[in-house]
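*Asks:* Sequence first, predicted model second:
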Amino acid sequence: MLERIDPYGDLILTPVEMPQLLEELARVHGLAVTDAEGEVLTRLEQLATRCRDDDASEVHFQGD
């Protein structure tokens, strides 16, 4: 999932894709160097969890 994010394009993920995104975020979270990086990843994990649990939601990554 994370490889699909394009800094210049948009990506919309659905609840079906959240388990994979959460797996990848957990692996990346261990690589966070600063507290700020860890906080961003924690918030993204929380958002992905909410999306996974709500069939009507989506996570949007908006590029530049």
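*Replies:* Perfect, thanks for sending it. Remember, it's a predicted structure, so these values are computed and weren't measured experimentally.
*Asks:* residues touching Ala48, list them.
*Replies:* By Cβ atoms under 8 Å, 6 or more residues apart in numbering, the residues touching Ala48 are Met18, Leu21, Leu22, Leu25, Val59. Every residue, glycine included, has its C-beta placed from N, CA and C.
*Asks:* Select from those residues every entry located in strands.
*Replies:* Val59 (DSSP state E).
*Asks:* Make JSON lines out of the contacts of Ala48 and add distance to Glu3.
*Replies:* Shown next, in JSON lines, are these (distance: Cβ to Cβ, whole Å):
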{"residue": "Met18", "distance to Glu3": "16"}
{"residue": "Leu21", "distance to Glu3": "11"}
{"residue": "Leu22", "distance to Glu3": "15"}
{"residue": "Leu25", "distance to Glu3": "13"}
{"residue": "Val59", "distance to Glu3": "15"}
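*Asks:* tally of neighbours for Ala32?
*Replies:* 14 (other Cβ atoms under 10 Å).
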